[in-house]
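Novice: build me a model:
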Amino acid sequence: MNIQQTLAIITNNIKQEIYTMSDIITKISRNTDNAPKHTHSTQTVTFSHYNNISAQLPVRPNTDKVVANDIKAQATQCLDNIKAIIKSIDHDMKDVIKINIFLKNISDLDAVDEVYVGFFQGYLPTRTVVAVAALPMNDALVQMDAIISNGEGTHPQASCDLIKVKSNTNYAPKNSASTQTVAFSHYNNISAQLPIDPKTDAIVASGVKEQAQQCLKNIKAILESIDVPFDDIVKINISLKNLSDINAVDEVYSTFFPDSAIARTVGYMPARTVIVASGLPMNALVQMDAVVSHGDGTPPQEIEDRHGIVIKANNTDHAPQSAFSTQTVAFSHYNHLSAQLPIDTKTDKVVAGDVKAHAEQCLKNIKAIVESIDHVMDDIVKVTIQIKDIADIDAINEVYKTFFNSDLPARTVIGVSAIPMDVLVQIDAVLSNAEGTPPA
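Specialist: Next up, the predicted model:
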């Protein structure tokens, strides 16, 4: 072998190594001075075809004060902050796929909607609204987070003007402030479904079982209207007025999952989070929203790139397991993790100690799940933290920052009146998945 041949081989190996490194999809974390910054979160974290935006309080940039004690002014400021973040990454409000609204008082929803609809021209994203026990700043009456479409993707994905596909069906309740389902790339986000009978536009009578059944019927009707199987759901969020109703809800829930013969064979259940709400729209007892895998994607994705992508569900013995959820469900370029309680898998009991001990165990469980699928904590793009006492946030932050080495994920923090097993904190996460999931 002569020197030219040797150099050619070395050069080829270097090129191959560069290609391999550059073939990893990049996570991009960004902040703008035009919206409030926080030391324990990043304003927006982009990965593949989505941006996750941290919860925005009604605080003006470069101040630490909540705007006037008026719900319309505060809702406007939350949306102004979201708009500023979106603009800073060369997007606009029509790229919003999903918004979550957390209210101190559910009675403020009508006033929020008067402001809200003015931020969207000719299109309304999917939406979930819950009233919570507390928000991170005492004077705040409202907080909002968002998910944004990212048609250009992140490196090394080629820029592609993907089409956002929005849909409503008459077989599920319609809402003048939201769209039932919005698909983009390989995911659909479904608006929170209340236990409303679409034939009457009224909440179904009776108890929580009947209401849970109606919520799930509405989700199923939406999916059937877009030819998506029920078992393509990768994550469900259940909001309950009373935590004591969870067993009754689970009785109904287990009749909907698994839904297909294939799913029953493997015992598939989506990832799941339960939130205890201080109030729900229309005084409902329960509400559910969902994230759905979308194997066919949205155009103009090539058929060979979007057909038959598989769902990868995974449980590890190193984190708590549940009969009603899977620890993590991967589809395409994201993993959705179930909410983690501070349970020690060695004892199957809640760890002793204060909120720091509880937060540390929740994060240890998340880390165990993340590592079980060959990922690291810095692959997390979004975290949601539920706290029994909002005053504990500083103590939780001391623990939280020790679990990350790189840019912090986007984040939402809410105070709740109760958490399963009477724990002090519960945490869930969304994880980037650079390798994607393979076609069937």
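Novice: now do the helices in the stretch 101-250 of the chain.
Specialist: Along the stretch 101-250 of the chain, the segments classed as helices by DSSP state H, counting those that start in this stretch run 109-116, 208-225, 246-256.
Novice: need the residues that contact the second one.
Specialist: Looking back up the chat, that one is helix 208-225. The contact list for helix 208-225, computed with Cβ atoms under 8 Å, 6 or more residues apart in numbering, reads 167, 169, 171-173, 180-181, 190, 193-198, 203-204, 229-230, 232-233, 240, 242, 245, 248-249, 251-253, 256, 284-288, 290, 292. Just so you know, the C-beta spots here come from the backbone N, C-alpha and C atoms, and that holds for glycine as well.
Novice: now it against helix 246-256, angle please.
Specialist: Put simply, helix 208-225 runs at 30 degrees to helix 246-256, going by axes from the mean of the first three to the mean of the last three Cα atoms, to 10 degrees.
Novice: in helix 208-225, what counts as buried?
Specialist: 208, 210-223, 225 (16 or more other Cβ atoms under 10 Å).
Novice: quick check, Ser372 in contact with Asn314.
Specialist: Yes - at 6.5 Å, Ser372 counts as touching Asn314 under the criterion of Cβ atoms under 8 Å.
Novice: these two: who's more crowded?
Specialist: Regarding Ser372 and Asn314, a neighbour count based on other Cβ atoms under 10 Å identifies Ser372 as having more, with 16 against 13.
Novice: and that one, what does it touch?
Specialist: Counted by Cβ under 8 Å, 6+ apart, Ser372 has contacts Asn314, Thr316, His318, Ala319.
Novice: what subset of those residues is buried?
Specialist: Thr316, Ala319.
Novice: ok, back up a step: would you turn the helices of the stretch 101-250 of the chain into TSV with distance to Asp64 and mean pLDDT?
Specialist: Shown next, in TSV, are the helices of the stretch 101-250 of the chain (distance: least, Cβ to Cβ, whole Å; pLDDT from 0 to 100):
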stretch	distance to Asp64	mean pLDDT
helix 109-116	23	98
helix 208-225	39	98
helix 246-256	37	97
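Novice: quick one: closest of these to Ser278.
Specialist: Ser278 lies closest, by Cβ to Cβ, to one member of the helices of the stretch 101-250 of the chain: helix 109-116, at 12.8 Å.
Novice: list the contacts of the closest one.
Specialist: Applying Cβ under 8 Å, 6+ apart, the external contacts of helix 109-116 come out as Ile71, Lys72, Ala75, Thr76, Leu79, Ile101, Leu103, Val129, Val142, Ser176, Ala177, Pro281.
Novice: equivalent analysis for stretch 265-275, please.
Specialist: By Cβ under 8 Å, 6+ apart, the list of residues contacting stretch 265-275 from outside reads 130, 231, 233-240, 243, 246, 257-258, 290, 311, 313, 322-329, 336-339, 384, 386, 414, 416, 420, 426, 428.
Novice: which of those residues fall within strands?
Specialist: Counting by DSSP state E, the contacts of stretch 265-275 place 130, 233-240, 290, 311, 313, 328-329, 336-339, 384, 386, 414, 426, 428 in strands.
Novice: what residues are up against Asp317?
Specialist: Per Cβ under 8 Å, 6+ apart, neighbours of Asp317: Thr345.
Novice: helix/strand/coil for the nearest residue in space to Ser406 that is not next to it in sequence?
Specialist: Nearest non-adjacent residue to Ser406, counting by Cβ to Cβ, 6 or more residues apart in numbering: Asp378, 4.2 Å away. Assigned with DSSP: H, G, I helix; E, B strand; the rest coil, Asp378 falls in the helix class.
Novice: distance check, Asp378 against Thr402.
Specialist: The spacing between Asp378 and Thr402, counted by Cβ to Cβ, to the nearest Å, is 13 Å.
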